[in-house]
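Q: Sequence first, predicted model second:
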Amino acid sequence: MAGSGYGIALMARASLLLLISMQVVQAGSMWAKVEMAPPDPILGVAVEYNKDPSPKKVNLGIGAYRDDNGKPLVLKCVREAEKKIANDENMNKEYLPIQGLESFLSQTSKIIFGEESPVIKEQRVAVVQSLSGTGALRLAAEFIAMYYPSATAYIRNVGGGVRMDLNK
């Protein structure tokens, strides 16, 4: 994204926001005690990638497919799926129920456990849909804290600077 108009505009906005934030903090506002979050090491990989002049470099940090010019590559199957969704007048475009899209949840459970699994056949699987991996972990942590407060959870430290502390 570096070098694109969008990327430059995004960086300019982020810089402006940081500058405004620093001025507000320096002015002694109610935000003065809020600490700056540490930089996200995953995004730091992208910064280092952009600095590397090697024409043979490969960006393995962000998890997006790229074309030969380093631009995000949207797979043909994804474009086709987007078209089907956009053009399907029968598809419900309303907000999903709080637990998520039932057909998605059902199929996901079958893929994870296997269609013939006893937990599927006996309907012992509870599933919810979330926006992201971090969101999913937060939902799980809230559920465990609410219903099993003495449970022990083992959470891998992925080192992400912007990841929330799930122990709170």
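A: On my side now, so go ahead. Everything numeric here is computed off the predicted structure, so don't read it as measured data. Residues are numbered from 1 along each chain as shown.

Q: how far away is Thr152 from Ala145?
A: 12 Å (C-beta to C-beta, to the nearest Å). Backbone N, C-alpha and C define where each C-beta goes, glycine included.

Q: quick one: which of these two has more around it?
A: Counted by other C-beta atoms under 10 Å, Thr152 and Ala145 do not tie: Ala145 has more neighbours, with 14 against 6.

Q: quick one: pLDDT of the more buried one?
A: Here the pLDDT value assigned to Ala145 is 85.

Q: check which helix or strand covers it.
A: Assigned by DSSP states H and E, Ala145 belongs to helix 133-147.

Q: Burial check on Leu105, number of neighbours?
A: 17.

Q: Go ahead and confirm it touches Ala126.
A: No. Between Leu105 and Ala126 there is no contact under C-beta atoms under 8 Å: 9.3 Å.

Q: Would you mark the buried spots in the helix holding Ala145?
A: Leu137, Ala141 (16 or more other C-beta atoms under 10 Å).

Q: Can I get that helix in CSV? Just the C-alpha atoms.
A: Listed next in CSV are the C-alpha coordinates belonging to helix 133-147 (Å, rounded to 0.1, in the frame of the first residue of the first chain):
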residue,chain,number,x,y,z
GLY,A,133,-10.1,-13.5,16.1
THR,A,134,-9.5,-11.1,18.9
GLY,A,135,-13.3,-10.5,19.1
ALA,A,136,-13.9,-14.3,19.3
LEU,A,137,-11.3,-14.6,22.1
ARG,A,138,-13.0,-11.8,24.0
LEU,A,139,-16.4,-13.4,23.7
ALA,A,140,-15.0,-16.7,24.9
ALA,A,141,-13.2,-15.0,27.8
GLU,A,142,-16.4,-13.1,28.8
PHE,A,143,-18.4,-16.3,28.7
ILE,A,144,-15.9,-18.2,30.7
ALA,A,145,-15.6,-15.4,33.3
MET,A,146,-19.4,-15.2,33.6
TYR,A,147,-20.3,-18.9,33.8
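
Q: Show me how far it is from its chain's centre.
A: Using C-alpha atoms, centre = their mean, to the nearest Å, the mean C-alpha position of helix 133-147 is found 15 Å from that of the whole chain.
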